[in-house]
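Enquirer: pasted the sequence and its predicted model underneath.
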Amino acid sequence: MKNSKEYTKKVQRLYRSLKRKHPKVQEATYEDPADALVYATISENMSKSQADAAIKRLGDYFIDLNDLRVSRTEEIVELLGEDTPVTQQIDSTITRALGDIFNAYHRVSLEALKKMGKRPARGVLEKMDGISRFAVDYCMLTALEGHAIPLTKRMIEYLRSNELVHPGADEQEIGGFLAKQIAAKNGYEFYGLLRRESEARGRRKKKKTTTVRKKKSKKTTKTKKKTKKARSKT
């Protein structure tokens, strides 16, 4: 990435700042990479709290991943929260991925990847239809002891808007750059801290926008009242 030395210092300062600001991150690990893949597909398109709630509902409703694989779209979409293009896409990606896994291994499990080297395992994940870079990185980090920093769109937006990475860098470049700056043992902690901060910032922005709208609404109401009074006097 261009100007990497400049951004290296910024990222290291960010990491130290976030560790002071937020409580310790509880690391997520998965015995079966297929579970990580399902969670990542949901988590990429929702906030962490929404994804955690959705995955719990899915776990309570379906017996296992094979049950999820053969389920109806409306069932999954309802458990994800509401029927939107995003939840429809999540459903499509999950069921296709689980179907591919079943066809390849005759069961809905990716434990076979743990017997491979990290690079071949990553290659298998990257070839799966519809699986994003975020999902691959998350799966490598949490289930296959890989060195990766998964990045949601919100996390990338946070890094760019705070000038922590080169504005022209794409997701792959940013992910590769961060993996060089953050030691493998700290990968999940950095991911968790950065994600938490990026989502908290999004909530603050939303709250601020709502407040501004309310103020404008009150101002409009007062103007209407004044206009009515002026008309009544004439």
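Expert: Noted; the coordinates are in hand.

Enquirer: per-residue pLDDT, residue 231?
Expert: Residue 231 carries a pLDDT value of 52.

Enquirer: same check, this time on the one 3 residues further on
Expert: The predicted local confidence for residue 234 comes out at a pLDDT of 45.

Enquirer: likewise residue 172?
Expert: At residue 172, pLDDT is 94.

Enquirer: if I look at it, how far off is residue 47?
Expert: 24 Å (Cβ to Cβ, to the nearest Å). From N, CA and C alone the C-beta is placed, and that goes for glycine too.

Enquirer: what's the answer for residue 2, then?
Expert: Residue 2 is 31 Å from residue 47, by Cβ to Cβ.

Enquirer: those two: which has the busier surroundings?
Expert: residue 47 (18 against 11; other Cβ atoms under 10 Å).

Enquirer: ok, that one to residue 32 distance?
Expert: 24 Å.

Enquirer: with residue 122 instead?
Expert: Residue 122 is 16 Å from residue 32, by Cβ to Cβ.

Enquirer: what helix or strand is residue 7 located in?
Expert: helix 4-21 (DSSP states H and E).

Enquirer: that helix: which residues count as buried?
Expert: 7, 11, 14, 15, 18 (16 or more other Cβ atoms under 10 Å).

Enquirer: farthest-separated two in those?
Expert: Spatially, the most separated pair among those is 7 and 18, at 15.9 Å (Cβ to Cβ).

Enquirer: excluding chain neighbours, what is closest to the spatially most central residue of the chain?
Expert: Nearest to the mean C-alpha position of the chain, counting by Cα atoms, centre = their mean, stands residue 44 at 3.0 Å. Once flanking residues are discounted, residue 44 sits nearest to residue 134: 4.6 Å by Cβ to Cβ, 6 or more residues apart in numbering.

Enquirer: wait, residue 73 sits on residue 91?
Expert: Yes: Residue 73 is within contact range of residue 91, at 5.3 Å (criterion: Cβ atoms under 8 Å).
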